[in-house]
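K.L.:
need the 3D shape of this:
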Amino acid sequence: MTKILAITGGVGGAKLALGLSKILNEKEVLFLVNTGDDFQHLGLEISPDVDSLLYALSEKNNPELGWGRKDESWNFISTLEELGTDAWFRLGDRDLALHITRTQAIAQGKSLQEVTDHLSAALGIKHRIAPMSQDRISTIVETPEGKLGFQEYFVREKCEPEVVNFHFEGIKSAKPNPIVASWMENCDGILICPSNPYVSVDPILKVPGYQELFHSKPVIAVSPIVGGLAIKGPAAKMMKELGVPPTPTAVSEHYGDLLSGFILDETDGDQANDISIPSIVTQTVMVTLQDRIDLAKLCVRFLEELA
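P.N.:
The predicted structure is shown next:
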């Protein structure tokens, strides 16, 4: 039986996670998700990447927006605007119920893992979603004008400020999610989904203890950069501003000796020769459910070969 750990964050990661959930059961894949984007807003506990995964795996996500729930309504946020309250972070009415449930549970002493397990079960998800840590870690974007919380940069400022660096508040004292270590004991390999390397994957990799754990297994990554662009999100813009070429080769170099294999899109097939580890060139742009399933199958086969 194949058993893998899938590292994910953002919309791209959630797309591949859905494909994996269609071919692997809950004993064969665990989803380790970024929580550096988590923040408190309007008194609520918001976990954007966890929620993207919850909605993707339950197939309740909004395919047009790429985030939030389908069949959403916006009465709450519209009323906030009428009342003159800051409404830059768009919370739909259905989505609001999830955040209130999480906030109440955490106030009652539940851990983020316990809350996520409850939400998964309520949404009919059999696969387990593991927040990267039970401790609060906050991704901070450093710009020439000062520091911004990730959601302030991403949503309120629409990714417009120049990025000069990132840091992760609370990460030095944070501990890995304990369920990951037990999962890794007989795990065949690790898949890094096509998520932003800097703000979706690095927060996970920089939690003390994960690097040592992950180096014991084969690790493959799917490039989130295709043809010099990110399919979703600001990864390519960030790379340019950090002085890094927005290419799959640069993504593979960013992960360094952690990687055993790499998958890049056919658009960038000529770069495969520049990557020093075993690489596969294929279609990585996931438009349909079948695209997600096909890429998931290829990733699992690649890990099995490397293992």
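
K.L.:
for the chain, give me the ranges with low pLDDT.
P.N.:
1 (pLDDT under 70).

K.L.:
in it, which spans are helices?
P.N.:
With DSSP state H as the criterion, the chain has helices at 10-23, 48-57, 75-82, 93-107, 112-122, 150-151, 178-184, 202-205, 210-214, 235-241, 248-255, 289-306.

K.L.:
ok, which of these comes nearest residue 276?
P.N.:
helix 248-255 (8.2 Å; CB to CB). Where C-beta positions appear, they are placed from N, C-alpha and C, glycine not excepted.

K.L.:
list the buried residues of the closest one.
P.N.:
248-252, 254-255 (16 or more other CB atoms under 10 Å).

K.L.:
quick revisit: mind putting the helices of the chain in a markdown table, distance to residue 4 included?
P.N.:
Shown next, in a markdown table, are the helices of the chain (distance: least, CB to CB, whole Å):
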| stretch | distance to residue 4 |
| --- | --- |
| helix 10-23 | 8 |
| helix 48-57 | 15 |
| helix 75-82 | 38 |
| helix 93-107 | 27 |
| helix 112-122 | 18 |
| helix 150-151 | 27 |
| helix 178-184 | 10 |
| helix 202-205 | 15 |
| helix 210-214 | 12 |
| helix 235-241 | 23 |
| helix 248-255 | 17 |
| helix 289-306 | 6 |
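
K.L.:
residue 166: which of those is closest?
P.N.:
That would be helix 202-205 among the helices of the chain, by CB to CB, at 7.2 Å.

K.L.:
which residues does the closest one contact?
P.N.:
Outside helix 202-205, the residues that touch it by CB atoms under 8 Å, 6 or more residues apart in numbering are 7, 9, 32, 34-36, 132, 137, 139, 166, 168, 171, 210-211, 214, 258.

K.L.:
distance of the nearest residue to residue 99 once chain neighbours are set aside relative to residue 30?
P.N.:
Excluding the flanking residues, the one nearest residue 99 by CB to CB, 6 or more residues apart in numbering is residue 44, at 4.4 Å. Per CB to CB, to the nearest Å, residue 44 is found 27 Å from residue 30.

K.L.:
these two: which is more packed in?
P.N.:
Set residue 44 next to residue 30 and count neighbours by other CB atoms under 10 Å: residue 30 wins out with 23 against 16.

K.L.:
report the beta-bridge partners for that one.
P.N.:
Per DSSP bridges, the residues bridged to residue 30 are residue 5.

K.L.:
need the contact list for the closest residue to residue 179 other than its chain neighbours.
P.N.:
Nearest residue to residue 179, sequence neighbours excluded (CB to CB, 6+ apart): residue 130, at 5.5 Å. Residues in contact with residue 130 (CB under 8 Å, 6+ apart) are 30-33, 113, 116, 177, 179-180, 183.

K.L.:
between which two of those residues is the distance greatest?
P.N.:
116 and 183, at 14.9 Å, using CB to CB across these.

K.L.:
who's more crowded, these two?
P.N.:
Applying other CB under 10 Å to residue 116 and residue 183 shows that residue 116 carries more neighbours, namely 25 against 19.

K.L.:
how about the contacts made by the nearest residue to residue 70 once chain neighbours are set aside?
P.N.:
Once flanking residues are discounted, residue 70 sits nearest to residue 62: 4.7 Å by CB to CB, 6+ apart. Residues in contact with residue 62 (CB under 8 Å, 6+ apart) are 55, 68-70, 72.

K.L.:
next, format these as a markdown table and append distance to residue 264 and neighbour count.
P.N.:
Converted to a markdown table, the contacts of residue 62 look like this (distance: CB to CB, whole Å; neighbours: other CB atoms under 10 Å):
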| residue | distance to residue 264 | neighbour count |
| --- | --- | --- |
| 55 | 27 | 23 |
| 68 | 30 | 20 |
| 69 | 32 | 20 |
| 70 | 31 | 14 |
| 72 | 34 | 16 |
